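> Starting from these lines, generate the structure:
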Amino acid sequence: YPNVDIPLYDAERKELVIRIRGGHYKEQIHGEDRLPIDQGIMGSAVRERRTQRVNDVANDPRYQCPPGVVAAGAELAVPILHGAELLGVLNVEGERPFDDLDVLSLETVAEHLAGAIVTARLHGQARQAAVQEERQRLGRELQDNLTQMLSSAYALAQNLPAVWQRDRAEGERRA
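Purely as a prediction, here's the structure:
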């Protein structure tokens, strides 16, 4: 497909966040874009949670041409769903109309993307949990070491007066 966007859904802000592009868009558009879900064909795919196939974008008021690029002739926006959870949209644009095979193919790709996104999230959560667990372990170890050092210092301090009275030089060495 000549132009591809794969925005992820930001549920807190109700926006699509585009960081991943392919085709001509990857070369022509740089940086992150945020699109409200109440606009555009991709927004319709999000709101309705169903594929949007528009084979003549010039006659669809929802179409939004990205700045600095030539308008496409057709757009196909497939929601990326994991169960009931919306994860993002697989959006392709091109000059030729999209057919049923395009829809079926991209819906299959969107299912695989959903699995990959969920796996990446779980991997990130597992990594964060491992980091947190290591911090807690180090904290316990540090606390144990500190407790041992304080106990030793306390024992030495308790014995120091008696040692000092018996042998001043030994008392100074221990202090």
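> Wait, residue 20 touches residue 33, no?
No - counting by CB atoms under 8 Å, residue 20 sits too far from residue 33 to count as a contact (10.8 Å). Heads up, the C-betas are built off the backbone N, CA and C, glycines and all.
> pLDDT below threshold where in the chain?
For the chain, the stretches with pLDDT under 70 are 129.
> As a quick check, tell me the outermost residue of it.
Here the chain reaches farthest from its C-alpha mean at residue 166, the gap being 67.8 Å by CA atoms, centre = their mean.
> State the distance from that residue to residue 118.
For residue 166, the distance to residue 118 (CB to CB, to the nearest Å) stands at 71 Å.
> same deal with residue 131?
Using CB to CB, residue 131 is found at 20 Å from residue 118.
> Give me the common contacts of residue 20 and residue 33.
residue 7 (CB atoms under 8 Å, 6 or more residues apart in numbering).
> Figure out how far the top helix by length along the chain is from the centre of its chain.
Using DSSP state H, we find that the single longest helix of the chain is helix 100-166. With CA atoms, centre = their mean, to the nearest Å as the basis, helix 100-166 stands 20 Å off its chain's centre.
> got it, and stretch 96-116?
22 Å.
> again, but for stretch 7-17
On CA atoms, centre = their mean, the centre of stretch 7-17 falls 11 Å from that of its chain.
> Return the set of buried residues in it.
Judged by neighbour count (16 or more other CB atoms under 10 Å), stretch 7-17 contains these buried residues: 7-9, 15-16.
> cool, stretch 128-137 as well?
Here stretch 128-137 shows no buried residue, counting by 16+ other CB under 10 Å.
> Run through who's touching that stretch.
Outside stretch 128-137, no residue touches it (CB under 8 Å, 6+ apart).
> roughly how far apart are residue 60 and residue 54?
Separation of residue 60 from residue 54 (CB to CB) stands at 5 Å.
> Who has more neighbours out of these two?
Between residue 60 and residue 54, counting by other CB atoms under 10 Å, residue 54 is the more crowded of the two (21 against 15).
> Make sure that one is actually in contact with residue 64.
No - between residue 54 and residue 64 there is no contact under CB under 8 Å: 11.5 Å.
> what's the overlap in contacts for the two?
residue 41.
> list residues touching both of residue 60 and residue 54?
The contact sets of residue 60 and residue 54 overlap at residue 41 (CB under 8 Å, 6+ apart).
> Let me see the contact set for residue 50.
residue 79.
> Kindly recompute the last result at 6 Å.
By CB atoms under 6 Å, 6 or more residues apart in numbering, no residues touch residue 50.
> does it sit in a helix, a strand or a coil?
Three-state call for residue 50 (DSSP: H, G, I helix; E, B strand; the rest coil): coil.
> From residue 99, how far off is it?
17 Å.
> buried set for stretch 32-45?
33, 35, 37, 40-45.
> Done for today, thanks.
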